[in-house]
Each structure stands twice: as C-alpha cells, then as structure tokens.
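Chemist: Need the 3D shape of this:
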Amino acid sequence: MSGNKNNRMKPLAERKGNGPADAENNPSGDKKQADGKAGSLALTLIRTVQLKRYPIIARVTFLRERPDLVSLLKSMQNNPADMPPRLKQYLKQETLWNESGITDKGQQVIDSGLFEAKERGLYHIWYTENDPLLGIHPTFIQRDTAFFEPNMQGWKKGSDAARSKFRVDDSLQLRVLEESFADRNKTELKNISLQIVSLEPEVICSPEKSAEIHLEWRLGFSASQLSLKGQLDMLQFNQNKTSSRPETFELSIDDFGDRLNDVMTAIAGEFDGNWLPKERRMATQLEHIQRYPSAVQKFQIGSLNRTGLKTNMGEFQSVQAKYIPIQPADQSDAEDWHRFWLEDFYRRKYHSSVEARKQQSEWLDHIALHDFELPLREQQSLLLEVSRERQPQAYWHIAAMTDLTPSRSRKLRMPISLVNGEPLALDDLLKQLSGGEYIEHIIYSDRYVHTSRQSRNLNHVAACLADAEGLLLTLDKQHGKEAELPANWSRDILHKQSENHGRYWILVGKEHTWCWECSSGLDFIRESGGRCIVDGSPTFTPKEEAELPRYLQDQINNTVVEAL
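Modeler: Predicted structure coming up:
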C-alpha cells in the first residue's frame, strides 16, 4: 500500500504501538483522557478524496461468515469419533483440526465465525489516488461476471503488478458489490462490508473511471475513525454489454491514530505554539489563547473551528476541535498566565482568604504547570501583582480581603510588613519573629529555593542564627545544580501538593515554637552596597501550629523529639 507501513492496514485493536493510546503517546497512566468523556480532545477533519477505478486480474482472499464450518468444528470438539473421515480430512487439509484436537486457526474460526475464502478473477476496484493520508487504498470492489472478453489495455503485468502499491498484504475492511441469488432463477446485487486478507494483482489495467468523495476523520487520544462517503459508478453485466449504475458508498476505517501528533502539530502552528507529544499538550503564549473562554482557567481550548488547515497529510478543508489541552510556553509566559488567572478570579467577586487560597492552590497544582515555578500569591504580594488601573475591581476585592483577614485582628502577634526599599536588618527581623528567644532549630519551607541569590539569602538568615540547626523543605530542581546550603543545614525534597504552596518560617526555641507564613520567597532580601534592603513588600503572618499544613506539624514534632 502506498505511503503505509506494513502494519498500516491492521485493525486498530490488533496493532501495537500504532494506536492513539499506546504507551509512547500516553506515558503516564494518571492522565485521565478518554474519548466520550467531558473534556477529552476531540477532532473532526474534513476534506475530499480522489478515487480511480481499475480493472485488475487478481487472487483475492476474503474473510466470510461460515456458520456451517463453526458448527462442524464444535461437533469435532464434542464427538470427534462420530465424524465421517472425509470431514476430518477436510479439516486437516485446512489446518483447522488434527489428532490433538482443534488447532489455533480452528479456534479463531469458532471465535470469529469467519474463514478465509480464496478466489481469482477480474475485479473492478476503486482505489484512493495517492492520498497523502490513505496512500493507494482499496475501498470498493466488484467482481466482473460478464460472459464476454472485456476490452481493456494492460498497464502492469507479472512482477510489476505483483509488487505494485495495489497489492494488499494486511487485513482491512472494504465494501464489496456482489451478486447473490434472490431465488433459483434470479440474482441481485448486494452492497456489503467484508474483510480482505490479501490481494495479489496479476494484471492491472489502466483506470477507467474517477470520482471525488467526502472524507471525515474523527480523532482523539483513544480512538481514530475515518469515514468515506459518496456515490460511485458500479457496473451492470448483461450478456452482450456492460452498463453503469450509481451506488451509494460508505466505508469506515478504524486506523491512523498514530497520526494524532502530526495533526496537533499543524493545529499548534495556528497558535504559534508547539505540540508536546509526551505531555499531550499544546504550549503557547497567553496572547494567543486568552480570548477563548475559560482557556487559562481550565488549561484547554473548549472549541476551535478552522478552514484550510495544512498538514503533512495534505490540506483539510475544515477542522473542528474540542478540548485542546494547553500549557504556557515558558516560565515567563507561565507568570503571565498566573497574573491573568488572578485578575480574572478576583475581578468576578470578593472571595474569603480561605476560599481564595484553596482555588489558587488547585490551579497551581494542575499538571499543565508542573514544569514551572509559580509561588502562591496572597495579601500584599497579590496587590503588587494586580494593576489597580487596569483591573480596579480585582484590586479592591483583594484589598478588602487583606483588610478582613482574621489573622490581622485575632492574633496577639500582629503581622509584620516590610516596606520596599527600606534598609533590612535581618538580626532584628529574626528577633522579632522569635520574640527574642534563643532559637535551636529553624525550618524554612518554600517550593522554590534554587537560584544563587536565594542560596545567598538563606546563608544570610543562617548566619543570624549560627547555633541553630536548619532544615530546608523545597522542590527538587528541574535543571542544573541545587542551591548550596549553609553548613549546618539539611534539605528535604517536597512533592507538589496543594498544602505546600506557602512560604513558612518555623523557629523552634527552648520554650516556644514560632510559626510564620510569608507572602514572599527569599528574594525579598536584596544586597546593595554591602548591606541588605527590602525588595518588594513582604508580609509575615503569625500562625498557630494547628493552622499549619500537616507535613509541617509532623516536621515540628520530629524536630522536638530529636532534640529530646
């Protein structure tokens, strides 16, 4: 077959590594994508296909229903001693049975009800005409039953015909127009679907007809079905002449799921993006997708219609796509997506701090953001992130939430806010955070402590508490070396979970454990002219141990037990 691998025409269920849901295309089993479920990628591509009809002398093997043979084999299973010798010999000859019992081939006949029927003759076969996707693919076949010699010119013969692209070596489904007896004296034409096992051309004549039909391709992560529809001229054979008759043609092909990445690469090009086969997502800039409703919020484009999509399988006249999975193009773009989400989320209505934290954490935990470092934005860092002029509603909803946060009025310890650009005395800050108590252990939890600046700042903090043993809880760095730790510090690796979005400072003294959540990472410490200044407007909010995420409560307990 033209342009096809040896396994191209095998039924989808029989092929390994050629379907849309094989392991290479879906490396992680936790990606819940399945056709027919809400939110799963679904594509519909439409174009026309050119066909030509060729007269071909060939040997053809069909799979036909043989209930009589199934019955005979079952009888051989139950009572082989009672079967006539001639039937046993026939089953042996067809390798369906031997003295040991039913063969594997015989069992396949019992299970499927189908058996190979070999025949040779002159056929009129409609093939696709060098289609970029289908190649030269047989679609509709009719046996010539005329009682006279056809007037046809041979085009390929012998080995040229046998080795041509018109040959079929793999099982595939096609339509067959064949005569069957309506009664003893009358025949009728039936348009049926049959599975063909092989087609060996001996003589291929020049094409005698051409046609254009409709192709519709439905494609997703777990299924691929090609539908061909149209009207084709078929033949009527009388005793002394041949005439044409129109015949409705419909054929479904469950194949080509392995071309999903090619299609998605072309669609991604429409967004100046890239299709990522391993992640099964399109990476693209915010500016190209923000106009689609809820695209950033759900990490998918709900609906897309395009005309004239060019692919390496030819041009499709129209494409409809639903639920295209998307993700940011890079770290900088991911930050733009985050800002867009925050502005949209807070613009809609006022949210309590608890609900806002929950919703933002769930969004940040989405698998589409797995490769990006995005901190949870709360309180003052939120106000800095959202433009008062561009998004006034969002800004004032955040401001109201900040003013009404219970920790501002309920705690004996009030939040500590630092002013951007002011000198920063780390010793004084840490005394304030620890109530002046001698600190034996310090735990710092922050997903992102990876850069050289963050490493230096952590060393500055450690230098202020030189006698304290330190523990850093952070994510494993995606690329490059980990940040260097102070001499008396150790590192435990976090895994992305909704509870570890925050930045927490835990200072364990002889009498008390002091717990704070900071709105900023360590980057709020900036060195300038040999001293430290405040970069941004970080806020330290006091927390009770019971308010901390469970992993931090466990870590505090472990630290206290080890100290004892």
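
Chemist: Quick check: which ranges of the stretch 1-150 of the chain have low pLDDT?
Modeler: 1-38, 147-150 (pLDDT under 70).

Chemist: now do the chain
Modeler: For the chain (pLDDT under 70), the answer is 1-38, 147-151, 181-184, 238-241, 379-385, 387-389, 391, 395-413, 478-481, 561-564.

Chemist: And it, split by domain according to the record?
Modeler: Domain assignment for the chain by the TED database gives 54-66+113-210, 257-327, 332-404, 416-563.

Chemist: OK, contacts around the closest residue to residue 376 other than its chain neighbours?
Modeler: Once flanking residues are discounted, residue 376 sits nearest to residue 501: 3.7 Å by CB to CB, 6 or more residues apart in numbering. The way it works is simple: take the backbone N, C-alpha and C, and place the C-beta from them, glycine included. Counting by CB atoms under 8 Å, 6 or more residues apart in numbering, residue 501 makes contact with 357, 360, 361, 364, 375, 376, 447.

Chemist: hey, where'd the strands end up in the stretch 201-350 of the chain?
Modeler: Using DSSP state E, counting those that start in this stretch, the strands found in the stretch 201-350 of the chain span residues 209-220, 224-237, 242-253, 274-276, 281-283, 300-311, 314-327.

Chemist: Paired strands for the fifth one, with orientation please.
Modeler: Yep, that's strand 281-283 we're talking about. strand 274-276 (antiparallel), strand 314-327 (parallel) (DSSP bridges).

Chemist: how about the domains of the chain, which one is nearest residue 219?
Modeler: domain 257-327 (5.9 Å; CB to CB).

Chemist: what about the closest one, start to end distance?
Modeler: 23 Å (CA to CA, to the nearest Å).

Chemist: ok, the biggest strand by length in the chain: who's next to it in the sheet?
Modeler: Assignment by DSSP state E gives strand 42-65 as the longest strand of the chain. Paired neighbours of strand 42-65 in the sheet (DSSP bridges): strand 114-128 (antiparallel), strand 187-205 (antiparallel), strand 209-220 (antiparallel), strand 314-327 (antiparallel).

Chemist: now that strand and strand 300-311, what's the angle there?
Modeler: 70 degrees (axes from the mean of the first three to the mean of the last three CA atoms, to 10 degrees).

Chemist: now strand 42-65: how far from the chain's centre is it?
Modeler: 30 Å (CA atoms, centre = their mean, to the nearest Å).

Chemist: Going by neighbour count, which residues of the following helix or strand past that strand are buried?
Modeler: Going down the chain from strand 42-65, the next helix or strand is helix 67-78, by DSSP states H and E. The neighbour-count check on helix 67-78 (16 or more other CB atoms under 10 Å) flags 69, 70, 72, 73, 76 as buried.

Chemist: Stretch 157-167 now?
Modeler: 161, 162, 166, 167.

Chemist: just to revisit the earlier point, which ones among the contacts of residue 501 are found in helices?
Modeler: 357, 360, 361, 364 (DSSP state H).

Chemist: follow-up on the earlier one: next, give me the two most distant ones among the buried residues of stretch 157-167.
Modeler: The span of the buried residues of stretch 157-167, defined through CB to CB, is set by 162 and 166 at 9.6 Å.

Chemist: Between these two, which contacts overlap?
Modeler: Common neighbours of residue 162 and residue 166 (CB under 8 Å, 6+ apart) are residue 201.
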